[in-house]
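Novice: Fold the stuff below for me.
(2 chains)
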Amino acid sequence: MAFMTITSPHAHGPMTTAKIMQLVVLATLPGVFVMTWFFGFGTLVNIAVAAIVSLSLEALMMKMRGRPASFYLKDYSALVTAVLLGIALPPGSPWWLIAVGAGSSIVLAKHLYGGMGYNPFNPAMVGYVILLISFPVEMTQWLTPRGAVEGAGLGPLEALRACFGGLDITVDGVTMATPLDVLKQNQALTMDALYQQPAFGDWAGAGWEWVNLAFLAGGLYLLYRRVYTWHAPIGMLIGLGLAAALFYRGDGSDSLGSPLFHWFSGATMLGAFFIVTDPVSSAVSNRGRLVFGFSIGVLIFLIRSWGNYPDAVAFSVLLLNFAAPFIDHYTQPRTYGHAKSGNAKRSSAQEKD
Amino acid sequence: MRQVFDIHGGVHPPENKDQSLQEPIRDAGLPKQLIVPLSQHIGAPATPIVEPGQRVLKGQKIADAKGFVSAPVHAPSSGTVISVQAHKVPHPSGMKAPCILIETDGKDEWVPCEGIEDFTQLSRQALLQTIREAGISGMGGAGFPSAVKLSVRDDKPIDTLIINGTECEPYITADHSLMRERAEDIVTGVRVLQHLIQPSEATLIGVEDNKPDAIEILQKACEGSSIEVVVFPTKYPSGGEKQLIQILTGREVPSGGLPADVGIVCQNVGTCAAIGDAVIRGRPLISRVTTVTGEACAQTRNYQTLIGTPVRFLLEQSGFDAKRCERLIMGGPMMGFSLPDIDVPIVKASNCVLAPAKTELPAPPPAQACIRCGLCAEACPATLLPQQMYWHARGQEFEKLEALNLFDCIECGACSYVCPSNIPLVQYYRAAKSDIREMQQEKIKAEHSKARFEARKARIEREEAEKEAKRKARAEAAKAKAAAAAAAKDTEANVDDKSAKADVVQAAIERAKAKKQAQSSEADRPASSPAPEAASGDAAADAIARAKAKRDAASQMSPQEKLEQNLASLKKRKANAEDKLKQAEEAGDEDKAEKLRSAVETAAEKIADTEQKLAALTAESPEAPERKAVEAEVEADPAAAAIAKAMAAREAAAKQSPAEKLKSDIEKLEKRVASTEQKLKAAQEEGSEHVEILQNSLSKQQDKLEQSREQLRAMGEDAS
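Specialist: Numbers count the residues shown, from 1 in each chain, chains lettered A, B, ... in the order given. As a prediction, this is how the structure comes out:
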């Protein structure tokens, strides 16, 4: 009788890649729900279109690469990319915009680099940035949130019509500037006066503060499930908060916004817990991820305050994706039984030379 | 309560220990045949000392340790040695290794054993010898000979003795049940170790908190002693030696070092019990507790098993259902290895036979891409970056792997366990480690052969250079001697004349260079026969360079060394000349023989001369450094002389017109023809066999002579 001969370990833990991806999708649900509440069904349509395009392209790419498509589709990674892109795009985006974004994410950012696990850049953010640069008008039309003026978001049918033609949402009244836009364009108003504007809510943007809170909740769930460690997201929030606090000029009209405002505006929480935490394109060690997240946070504040774009999560993440190998080089942890970390050892060896 | 430390990483796989803890340890019984491998430990295999057909008693030594890192092997029961042959052993490769096969007689008859109740009477050396002779090697899994591990060195004082009762691997309960049932034996063994090692600070037994019953019993057994039972939270792989040391003391064993480097000795509880047995009862290590567990076994429990018992024998007692079992594991599910079949023996390090059902430990699904999630880095107890190492292992980037401290990986399997993409990480590290080890071996080999090759090349070059320079020097030996004598006078007058002399040489070289240049520009002109001139100019320049090189080398050597070298080369030259002389005499070449004879004589003279000098120098050398310097100059001079001579020869060659040169050639040729004719005559008279050869050479010489004359005539016409 012959037994199977496999090397140890023979036991395996319960976690699988597919399960991790499912958990990530699951954790976006509170945020998606709140977004739908405030901005209507546009986000759901975005996600659906992005998912269909992404999964089809994923299957096509796998076929072209001569790999079993079903095996790879089952890892849910394409779905995660699609969901994140769908959330990031303005609700009521036209279908072709979504399709171009999803195509860029899956084909350009993922498979041209070798597919799952080999992409140096966050696929969803690559798709987003390509759209933002190519179609700035379409990409900056955010609907008026429920509760501000008479905005109530798009209904299911309106959302479909907006997506597939027949409804133009770019008319005034339906969309309005986001709080980050308003703050950026602000010349004369004090912060108190600013908060009286319809775009603002109780401590950040109207609607946005709740969206961010919901993504924060989803992120905390993922932390609890140990899908990732706290280093990258908390690092990013600290970086952003510190930078905002450092440049916070109180109530004046030249204020750049309080840490609280920055934490709960735009894509901060989505970025911190769903984008920055993408393991593939981030630094690898815990210390490295802390540096990675922190740098993204600082960069977000810099671009928000002095850059040309009102929000900056996508650019900051892509820039730090570039820097990830560099960060890795300097943050190798100290191994058991070694006095110094690998890198410190190398540099002291060089000094000796 | 003693402070315990946490280790980085670790995992919590399902423990599955209850299955085999329901029943007490049972004697596995006596199999018909025992298969006792000669290598059950790390180190050299033991040497058999029994013959087939010989009757052996239980506990009788049947194979002796070979070398320091080795352990003897004893007969686990009485019976007859069938053979010493290669048999399948528990090894991941399913390989065969030498084993002693014993047919048991059922009497289980012991050899007389003599223990010592009061082991404190024994010296350290005697205790170590007892442990060594009992064949005890680590019973926790690695199987390192215990006596070696316990041979502590005086320069590395031990402050803490750690006893490993952790048993962190799932399923295995051999140590757990041993602690439950034989705590007294363990404590006795620990006392022996305490006496042997004399730890200055503490003796700790480390046990995970998932064994409350064992902890209670151990604590009772340790009451009133200086042994402390330390309990810490359950986490795999806390039982790794390095990890346990960190948990109990906070110290880290340096990379590539041993626990003794941080003042610690670590032993497994099973080993302690065996040491107690060996010292108090005088019994060697011939049996151990082995867990048989897994859903494919109807009865799961611990057995007191004789070493050499076939796994088949154990499984048959346990109601093993082969149909339900896909793989059989020796050891635990994290670090154990799969057995190709069940006809292998239990050895000293076999703590568990795990026969899981197909659903219990399913075959791993195909690996997916690494998403660099970092769960592996979170789990790694050595704080490595497993996913980075995986990346480089796939790319075969061995330097980067070593920079990531691949060799600090303890192969605990925690990273593979948590990997959501089912990547067999540990397998990659094992393969990379063996590749690197192989490469290192090859590198060492390559370096050796490179050194060998370069040494040979240098030697050949040196010999060539020496030969060349000496040939020149020898040809003008008399002249060189004269010059040397003159120079010696000079240097005796003024020892510091060195620089002046160097200037002279330099000037000579420069002169030679200038002339050579002039000559080569002349050679560019269309001349009747420019080639020989240019060639001779080059040859002279070469000779100058060689002589100069030699002089430089010579001036760096001590006079004595130089003399010795000279002497050696002179002797060699003489021997060569003698050889040639013999050949020439045999060939009947009188002319050549004559020349060679004189050469041999000159050489003999020179040897005598040099030997005298050497003797004088050896006698004087300690008191006469100045003389030494002088002699060095003298010795350097032949080389200078060779330069001068080579220059002179070249000058002469340059002065000679082609016609003159031809004339002298013709004269020489005429002489040779005459001598050859004479020899031929003599040979014909004697009826020698050389006649034909001589006739041949004569006709050739005559042809050449005729050619040269014609050339001369043609040249004369040209000139006119």
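Novice: excluding its backbone neighbours, what's nearest B:Asp591?
Specialist: B:Ser675 (5.5 Å; CB to CB, 6 or more residues apart in numbering or on different chains). For the C-beta atoms, the positions are set from N, CA and C on the backbone; glycine is no exception.
Novice: in the stretch 551-700 of chain B, what spans have low per-residue confidence?
Specialist: B:551-559, B:588-589, B:617-642, B:646, B:649-658 (pLDDT under 70).
Novice: tell me which element B:Ile423 is part of?
Specialist: For B:Ile423, there is no helix or strand it lies in under DSSP states H and E.
Novice: how far away is it from chain A?
Specialist: 10 Å (CB to the nearest CB, to the nearest Å).
Novice: Let me see the contact set for that residue.
Specialist: Applying CB atoms under 8 Å, 6 or more residues apart in numbering or on different chains, we find B:Ile423 in contact with B:367-368, B:370, B:390, B:416.
Novice: just the residues you listed now: which is nearest B:Ala174?
Specialist: Nearest to B:Ala174 out of the contacts of B:Ile423 is B:Ser416 (CB to CB; 23.9 Å).
Novice: show me what contacts the closest one?
Specialist: Applying CB under 8 Å, 6+ apart, the residues near B:Ser416 are A:9, A:12, B:376, B:423-427.
Novice: 7 Å - rerun?
Specialist: A:9, B:424-426 (CB atoms under 7 Å, 6 or more residues apart in numbering or on different chains).
Novice: end-to-end on stretch B:148-156?
Specialist: In terms of CA to CA, to the nearest Å, the two terminal residues of stretch B:148-156 are separated by 14 Å.
Novice: got the contact list for that stretch?
Specialist: B:68-69, B:128, B:131, B:158, B:196-197, B:260-261, B:265.
Novice: among those residues, which ones are buried?
Specialist: B:128, B:131, B:158, B:196-197, B:260, B:265 (16 or more other CB atoms under 10 Å in any protein chain shown).
Novice: circling back: just the ones in helices from the contacts of B:Ile423, please.
Specialist: B:390, B:416 (DSSP state H).
Novice: possible to save the contacts of B:Ile423 as TSV with pLDDT?
Specialist: TSV is the format used below for those (pLDDT from 0 to 100):
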residue	pLDDT
B:Ala367	89
B:Gln368	89
B:Cys370	91
B:Tyr390	94
B:Ser416	94
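Novice: Excluding chain neighbours, what is closest to B:Lys88?
Specialist: Here the residue nearest B:Lys88, using CB to CB, 6+ apart, is B:Val344, at 5.0 Å.
Novice: any weak-confidence spans in the chain?
Specialist: Let's take chain A. A:1-2, A:147-153, A:169-175, A:188, A:253, A:341-353.
Novice: wait, chain B
Specialist: Using pLDDT under 70, chain B drops low at B:1, B:490-505, B:507-508, B:515-559, B:588-589, B:617-642, B:646, B:649-658, B:716-720.
Novice: Report the backbone C-alpha coordinates of stretch B:205-217 in CSV.
Specialist: This file holds the C-alpha atoms of stretch B:205-217, laid out as CSV (Å, rounded to 0.1, in the frame of the first residue of the first chain):
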residue,chain,number,x,y,z
ILE,B,205,10.1,22.8,33.1
GLY,B,206,8.0,24.6,30.5
VAL,B,207,4.5,23.3,29.9
GLU,B,208,1.7,24.8,27.8
ASP,B,209,-1.5,25.6,29.7
ASN,B,210,-3.5,23.1,27.7
LYS,B,211,-2.2,20.3,29.9
PRO,B,212,-3.6,21.2,33.4
ASP,B,213,-3.5,17.6,34.7
ALA,B,214,0.2,17.1,33.7
ILE,B,215,1.0,20.5,35.3
GLU,B,216,-0.6,19.5,38.6
ILE,B,217,1.2,16.2,38.8
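Novice: you'd agree A:Phe71 is in a helix?
Specialist: Yes - using DSSP: H, G, I helix; E, B strand; the rest coil, the assignment for A:Phe71 is a helix.
Novice: That one and B:Gln368: what is the separation?
Specialist: A:Phe71 sits 8 Å away from B:Gln368, going by CB to CB, to the nearest Å.
Novice: More neighbours: the two, which one.
Specialist: B:Gln368 (21 against 12; other CB atoms under 10 Å in any protein chain shown).
Novice: residues touching the more buried one, list them.
Specialist: A:17, A:75, B:421-422.
Novice: if you set the cut-off to 10 Å instead, what comes out?
Specialist: Residues counted as contacts of B:Gln368 (CB atoms under 10 Å, 6 or more residues apart in numbering or on different chains) are A:16-18, A:71-72, A:74-75, A:77, A:116-117, B:419-423.
Novice: Narrow these to those in helices?
Specialist: Mapping the contacts of B:Gln368 onto helices (DSSP H) picks out A:17-18, A:71-72, A:77.
Novice: Relative to chain A, how far out is B:Ala403?
Specialist: 6 Å.
Novice: right, I mislabeled it, should have said B:Ala455
Specialist: In terms of CB to the nearest CB, B:Ala455 sits 28 Å off from chain A.
Novice: for B:Asn576, same thing?
Specialist: For B:Asn576, the distance to chain A - CB to the nearest CB - is 50 Å.
Novice: buried ones in the helix or strand hosting that residue?
Specialist: If you go by DSSP H and E, B:Asn576 is part of helix B:559-587. Neighbour-count burial for helix B:559-587 flags B:559-560, B:562-567, B:569-571, B:573-574, B:577-578, B:580-581, B:584 (criterion: 16+ other CB under 10 Å).
Novice: From the contact counts, what lies against it?
Specialist: With contacts taken as 3 or more CB pairs under 10 Å, 6 or more residues apart in numbering or on different chains; DSSP states H and E, helix B:559-587 sits against helix B:425-475, helix B:530-556, helix B:590-620, helix B:625-655.
Novice: switch the cut-off to 7 Å
Specialist: helix B:425-475, helix B:590-620, helix B:625-655 (3 or more CB pairs under 7 Å, 6 or more residues apart in numbering or on different chains; DSSP states H and E).
Novice: Surely B:Leu178 touches B:Val269?
Specialist: Yes - the pair B:Leu178 / B:Val269 is scored as a contact, 6.1 Å apart, by CB atoms under 7 Å.
Novice: Name the residue in the two with the higher neighbour count.
Specialist: More crowded of B:Leu178 and B:Val269, by other CB under 10 Å: B:Val269, with 31 against 27.
Novice: What are the buried residues along stretch A:68-75?
Specialist: For stretch A:68-75, by 16+ other CB under 10 Å, it's A:69, A:72-73, A:75.
Novice: Nearest to B:Glu670 among these?
Specialist: Closest to B:Glu670, out of all of the buried residues of stretch A:68-75 and judged by CB to CB, is A:Tyr72, at 97.6 Å.
Novice: Which residues are in contact with the closest one?
Specialist: Here A:Tyr72 is in contact with A:58, A:62, A:116 (criterion: CB under 7 Å, 6+ apart).
Novice: Contacts only, for the nearest residue to the second one once chain neighbours are set aside.
Specialist: Think A:Met62. Nearest residue to A:Met62, sequence neighbours excluded (CB to CB, 6+ apart): A:Ala69, at 4.1 Å. A:Ala69 makes contacts with A:59, A:62-63, as judged by CB under 7 Å, 6+ apart.
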